[in-house]
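Asker: Got a predicted structure plus its sequence, pasted below:
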Amino acid sequence: MGRLFGTDGARGIANSELTCELTMQIGRAAALVLTKQTHRRPRFLIGMDTRVSSGMLEACMVAGLASVGADSILVGVVPTPAVAWLIGRMGADAGVMISASHNPCEYNGIKLFDKNGYKLPDQTEEEIESIVLDGNSEMPIPLGGDLGRVTRDEEALELYIKHITSTTDERFDGLHIALDCANGSAARTAEKLFRGLGAECHMLSDEPDGVNINLNCGSTHMEHLMQIVKLNGYDAGLAFDGDADRCLAVDRHGKLIDGDQIMAVLAKDLKVRGKLEHGTVVATVMSNIGFFHFGRNNGIAIEKTAVGDRYVLERMREAGYNIGGEQSGHIIFLDHATTGDGQLSGVQLLSCMKRQDKALHELAGEMEKYPQVLENAAVSGKIKTTWQTDPEIQRVIRDAERVLGDNGRILVRASGTEPLIRVMIEGKDQAAISDLAKEIAALIKSKDI
């Protein structure tokens with residue numbers, strides 16, 4: 001797999017790149033690194049999504065942990081944010097989520113959380129990675145009663161649903177919504193959560209079979225939800241990804257409401273109620289230019305970070321901000337959670353609709369969304385690390401920036417999880433920015449030797 005950890009944990013094709021052996025090694029190394037200060041038998045809380053490989057990798061993770069004397073608390077199929085929240089509630093020292101998020105079923109991944117429910121910083125992941133790849137630490141070899149134990153907790157999911165319910169004072173009676181669960185973790189929680197708050201729910205993609213996770217459904221495939229909501233005149237549609245840590249929405253006209261627009265609605269609501277810490281939202285460099293204009297027009301400061309919700313979270317914690325997120329729908333509410341939570345985002349969005357007695361399209365329409373195009377240049381050679389210093393590529397980018405002026409922007413970056421260079425351009429003219437993006441992506445691809 002090369003470097004184990006990308007921007008969102010370790011990820012690869014299950015049983016090929018992310019093997020049983022590697023998963024056991026990660027478990028052993030994580031136990032060693034994450035429980036250094038523990039003066040008792042370490043305890044790991046482990047959750048997973050609905051992929052066919054998740055049970056296999058859960059067993060391997062448990063074996064790795066047990067072999068170095070760490071206990072496992074298994075909570076089964078749950079959303080990623082449930083694992084993060086449950087760690088502290090169940091007295092665990094760390095958490096593991098087995099999921100590849102929005103990726104197809106053949107992929108899987110391992111996300112690690114510390115005792116406070118936060119994703120690990122780069123330096124901690126590098127320490128774990130070093131132990132796995134270099135074998136530079138001597139592992140304990142417990143015997144007999146010193147081996148790790150395994151328990152299952154059947155009430156964990158109910159605790160999580162009650163927690164999300166407690167984050168709003170609003171009732172959703174009278175709201176008719178559609179919920180797309182991506183045949184993933186939200187299939188176990190979303191209907192009970194939103195019906196419990198009074199909403200009338202039409203369920204989509206809530207019958208996981210191990211291989212249909214994210215298959216033409218969920219937050220990466222919004223078309224069906226958009227059609228259903230428009231056809232039936234529902235007040236809103238909410239779509240989650242495979243592990244339910246992100247959420248996108250649809251208004252009653254079938255129009256997509258992305259993470260930038262959701263953040264705009266929520267941030268303004270917090271500001272009006274005097275609850276937006278330091279008057280600031282944290283977003284990434286991929287957020288639409290219209291989001292930054294919205295912030296300026298509403299007296300909301302917006303700080304930018306690198307792409308990845310972990311970097312958004314780091315900045316939020318450093319400065320004491322309470323909301324941040326990504327255009328993709330990862331939104332973090334530090335008042336209620338330590339990581340992105342799609343169902344929490346959905347609850348807060350519907351709460352804004354009820355609180356303000358406005359339709360979703362009215363709330364989201366306050367942010368003008370600029371046309372945006374994204375072209376991916378698939379690369380395998382050294383250009384992935386040298387494009388920033390290539391004179392011709394930089395000249396073409398500068399020329400394009402001059403064409404756009406103040407009415408657009410260009411962002412070129414290497415993907416943190418795939419062998420791609422991403423070219424994103426925003427501007428007033430859809431056709432013009434599309435041509436510019438294709439030109440830059442083609443040039444990068446041509447230099448991939």
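Answerer: That came in fine, so what should we check first? Numbers count the residues shown, from 1 in each chain.
Asker: Tell me what the residue nearest to Arg41 when sequence neighbours are not counted is bridged to.
Answerer: With CB to CB, 6 or more residues apart in numbering as the measure, Asp71 is the residue that lies nearest to Arg41, at 5.6 Å, once sequence neighbours are left out. Bear in mind the C-beta positions are built from the backbone N, C-alpha and C, glycine included. Asp71 forms beta bridges with Arg43, as assigned by DSSP bridges.
Asker: what's the neighbour count on Asp71?
Answerer: 21 (other CB atoms under 10 Å).
Asker: Likewise for Gly320?
Answerer: For Gly320, the neighbour count with other CB under 10 Å is 10.
Asker: I'd like to know how far it sits from Glu326.
Answerer: Applying CB to CB, to the nearest Å, the value for Gly320 to Glu326 is 20 Å.
Asker: Report the contact partners of Tyr370.
Answerer: Under the criterion of CB atoms under 8 Å, 6 or more residues apart in numbering, the contact partners of Tyr370 comprise Asn288, Ile289, Gly290, Gly408, Glu426, Gly427, Lys428.
Asker: close enough to count as contact, the last one and Pro371?
Answerer: Yes - applying CB atoms under 8 Å as the test, Lys428 and Pro371 come out as touching, 7.0 Å apart.
Asker: More neighbours: these two, which one.
Answerer: Comparing Lys428 with Pro371 by neighbour count (other CB under 10 Å), the higher total belongs to Pro371, at 18 against 11.
Asker: mean confidence for stretch 99-116?
Answerer: When the per-residue pLDDT values of stretch 99-116 are averaged, the result is 95.
Asker: Downstream of whatever helix or strand Glu362 lives in, the next helix or strand is which one?
Answerer: Glu362 belongs to helix 360-364 when assigned by DSSP states H and E. Beyond helix 360-364 in the direction of the C-terminus, DSSP H and E gives the next helix or strand as strand 372-378.
Asker: Now the element after that following strand, going C-ward?
Answerer: In the C-terminal direction, the helix or strand that comes right after strand 372-378 (DSSP H and E) is helix 383-386.
Asker: Buried ones in that following helix, by neighbour count?
Answerer: Ile383, Lys384 (16 or more other CB atoms under 10 Å).
Asker: mind saving the C-alpha coords of that helix as PDB?
Answerer: Listed next in PDB are the C-alpha coordinates belonging to helix 383-386 (Å, rounded to 0.1, in the frame of the first residue of the first chain):
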ATOM      1  CA  ILE A 383       4.800  14.700 -11.900                       C
ATOM      2  CA  LYS A 384       2.500  14.100  -8.800                       C
ATOM      3  CA  THR A 385       5.300  15.700  -6.700                       C
ATOM      4  CA  THR A 386       6.900  18.000  -9.300                       C
END
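Asker: and the next element down the chain from that helix?
Answerer: Where DSSP H and E defines the elements, the next helix or strand beyond helix 383-386 is helix 391-404.
Asker: Who are the packing partners of the following helix or strand past that next one?
Answerer: On the C-terminal side of helix 391-404, the closest following helix or strand by DSSP H and E is strand 408-414. Helices and strands touching strand 408-414, as assessed by 3 or more CB pairs under 8 Å, 6 or more residues apart in numbering; DSSP states H and E, comprise helix 391-404, strand 420-427, helix 430-446.
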